[in-house]
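K.L.:
whatever this is, show me its structure:
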Amino acid sequence: MNIILIVLGVVVLIAIIVALALIGMYNKLVRQKNIFKNAFAQIDVQLKRRYDLIPNLLESVKGYMAHEKETLDAVIQARNQASQINIDLGKDPADPAVMEKLNKAEGALSQSLGKMFALSESYPDLKADGNITALMEELTSTENKIGFARQAYNDSVMAYNITCEEFPTGMIASAFNFQKATLFEIENEQEKKSVKVSFD
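P.N.:
Take a look at the predicted model:
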């Protein structure tokens, strides 16, 4: 009788240890998923700031760049598309399809801004306008903050994805439908070139 109770006690103890280990792995996945979602929220703040600055900048430069309507329209269109996708992604930053769309839209926006800034070099009056210079400095600062926030997001996504792939946590991730997250990165080498936003 004592042996049966001891064996039963050992089995119960092992079951409790296994259950606690499984709960710990599940909680680690939840914690890391929330960390990368919070990291995206930091990017979101900076992207919204960028989206708000662009119309002000375009309004300021369009008087000088009246003959560049096509370029200015391309910036507006790229900004609007990226902004809408960002709103969609804010609902679920773990959605890989929407993150891919944002990656492409942000790349297109950076490219169109780069074209606008390259063309603006031909307009010396822009360099003398203090309002435009201040907007450009704000945009440069925001671009830098986006870069830092993107790095923090990508680091947290990488940690989450590694946890989803590790054994035995990967089995828990698969059982509870924890899907790998997508990095926020610029895909096209041309788009990776930094946008020059100063009139120096």
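
K.L.:
now the helices for the chain?
P.N.:
Counting by DSSP state H, residue ranges of the helices within the chain are 2-61, 69-91, 96-120, 124-128, 130-165, 169-175, 189-192.

K.L.:
kindly reformat those helices as a markdown table containing mean pLDDT, mean neighbour count and distance to Leu183.
P.N.:
For glycine as for every other residue, the C-beta is placed from the backbone atoms N, C-alpha and C. Output for the helices of the chain, formatted as a markdown table (pLDDT from 0 to 100; neighbours: other C-beta atoms under 10 Å; distance: least, C-beta to C-beta, whole Å):
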| stretch | mean pLDDT | mean neighbour count | distance to Leu183 |
| --- | --- | --- | --- |
| helix 2-61 | 93 | 15 | 10 |
| helix 69-91 | 91 | 17 | 13 |
| helix 96-120 | 88 | 19 | 8 |
| helix 124-128 | 73 | 13 | 35 |
| helix 130-165 | 92 | 17 | 5 |
| helix 169-175 | 94 | 16 | 18 |
| helix 189-192 | 47 | 11 | 14 |
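
K.L.:
out of these, which is closest to Thr182?
P.N.:
helix 96-120 (4.0 Å; C-beta to C-beta).

K.L.:
could you say what helices and strands the closest one packs with?
P.N.:
For helix 96-120, the contact count by 3 or more C-beta pairs under 8 Å, 6 or more residues apart in numbering; DSSP states H and E identifies helix 2-61, helix 69-91, helix 189-192 as packing neighbours.
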